[in-house]
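Asker: Sequence plus predicted model, see below.
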Amino acid sequence: MNKIVLLGSGGHAKVVIDIVELAGEYEVLGLLDDHRPAGTVVCGYEVLGPLELLGSVQADGCIAAVGDNATRERIVRRAEALAPGLPFVAAVHPKAVIARSASLGEGTVVMAGAVVNGDTSVGKHAIINTNASIDHDSVLGDYVSVAPRAATGGGVRIGSHAAISIGATIIHGIAIGEHAVIGAGATVVSPIESFAVAYGTPARVVRRREAGERYL
Ligand SMILES: CC(=O)SCCNC(=O)CCNC(=O)[C@H](O)C(C)(C)COP(=O)(O)OP(=O)(O)OC[C@H]1O[C@@H](n2cnc3c(N)ncnc32)[C@H](O)[C@@H]1OP(=O)(O)O
């Protein structure tokens, strides 16, 4: 079986480990993380060392397994430089439902109970978290995250690096700009511009944010 390494070893990596094990397509070789000592065991797998080791481990692929969207992109960029050509693989929990006509980009992870409906396209290195629901004809950019139990109607557009927080709802046909953060429990009924933080019911823009600013 092909072996993959996970880049990251925190809470999100724990969930990705479970998905990879249950999906049964790849074996986890170990984890690489600059911020946890080598030899630390996470859900049965060892932290092999820092990300710099990516070029020397005998892996057939990898997944950037960090929840924060900007950090995940930084890790992907470093991995591409350290191990050019090493594929990023997608991981889909066997209890997720992905329509035959939907597409997922490389490195994207879909958690248990999530649904991605027909003709929806999800970009690269995105996260569709536990029980999230993305309805038909939607387009999600690269490095997007949709938190647990968030839901969208059909024909929604979510720009790259945007974060849809836990339990948020986006009605059909809405566009969310890149790097926007939709707060927990929000109900979005009108478009939200790029780099905005919005929450509430109905969701209102409360401030602007910079790319990479913490939201978790
Ligand atoms: C598996 C996983 O763990 S996935 C990750 C799950 N976690 C999430 O989804 C995190 C979601 N995060 C949020 O919703 C955050 O509250 C953010 C990012 C929107 C915070 O935005 P900020 O502007 O930094 O809010 P801050 O924490 O400074 O609070 C400012 C005010 O807004 C309120 N507020 C913050 N978030 C929300 C929200 N989602 N809805 C309503 N009010 C909110 C606060 O209570 C506070 O009110 P106060 O001034 O009356 O005390």
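Answerer: Received it, and whenever you're ready, just let me know what you need. Residues are numbered from 1 along each chain as shown.
Asker: Please count neighbours and contacts with C-alpha atoms only from this point.
Answerer: Fine.
Asker: Residues of this protein that sit close to the ligand?
Answerer: Residues of the chain lying near the ligand by CA under 6 Å from any ligand atom: 147-148, 165-166, 183-185, 199-200, 215-216.
Asker: which residue is nearest the middle of the chain?
Answerer: Ile127 (2.1 Å; CA atoms, centre = their mean).
Asker: Test my guess that Ala162 contacts Ala175.
Answerer: No: here Ala162 does not reach Ala175: they are 11.0 Å apart, not a contact under CA atoms under 8 Å.
Asker: Please identify which of those two sits among more neighbours.
Answerer: Using other CA atoms under 10 Å, the more surrounded residue of Ala162 and Ala175 is Ala162, with 29 against 23.
Asker: From the ligand, how far out is the nearest residue to the more buried one once chain neighbours are set aside?
Answerer: With sequence-adjacent residues excluded and distances taken as CA to CA, 6 or more residues apart in numbering, Ala162 is closest to His179, at 4.2 Å. Look at His179 and the ligand: by CA to the nearest ligand atom, to the nearest Å, they are 12 Å apart.
Asker: mind listing what His179 touches?
Answerer: Taking CA atoms under 8 Å, 6 or more residues apart in numbering, we find His179 in contact with 159-163, 194-196, 210-211.
Asker: Just the buried ones from the residues you listed?
Answerer: 159-163, 194-196 (16 or more other CA atoms under 10 Å).
Asker: Quick check: of these, which lies closest to the ligand?
Answerer: Closest to the ligand out of the buried ones among the contacts of His179 is Ala163 (8.0 Å), distances taken as CA to the nearest ligand atom.
Asker: My read is that that closest one contacts Val144, right?
Answerer: Yes: between Ala163 and Val144 there is a contact at 5.9 Å, judged by CA under 8 Å.
Asker: Would you mind listing the residues touching both of the two?
Answerer: With CA under 8 Å, 6+ apart as the test, Ala163 and Val144 both reach Asn69.
Asker: can you pull the pLDDT of Lys124?
Answerer: Looking at Lys124, its pLDDT is 98.
Asker: In the protein, what residue spans correspond to helices?
Answerer: Under the criterion DSSP state H, the chain contains helices at 11-23, 69-82.
Asker: Would you mind giving those as JSON lines with mean pLDDT and mean neighbour count added?
Answerer: Shown next, in JSON lines, are the helices of the chain (pLDDT from 0 to 100; neighbours: other CA atoms under 10 Å):
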{"stretch": "helix 11-23", "mean pLDDT": "98", "mean neighbour count": "18"}
{"stretch": "helix 69-82", "mean pLDDT": "98", "mean neighbour count": "18"}
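Asker: Now tabulate these in a markdown table and tack on distance to Ile98.
Answerer: Shown next, in a markdown table, are the helices of the chain (distance: least, CA to CA, whole Å):
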| stretch | distance to Ile98 |
| --- | --- |
| helix 11-23 | 14 |
| helix 69-82 | 22 |
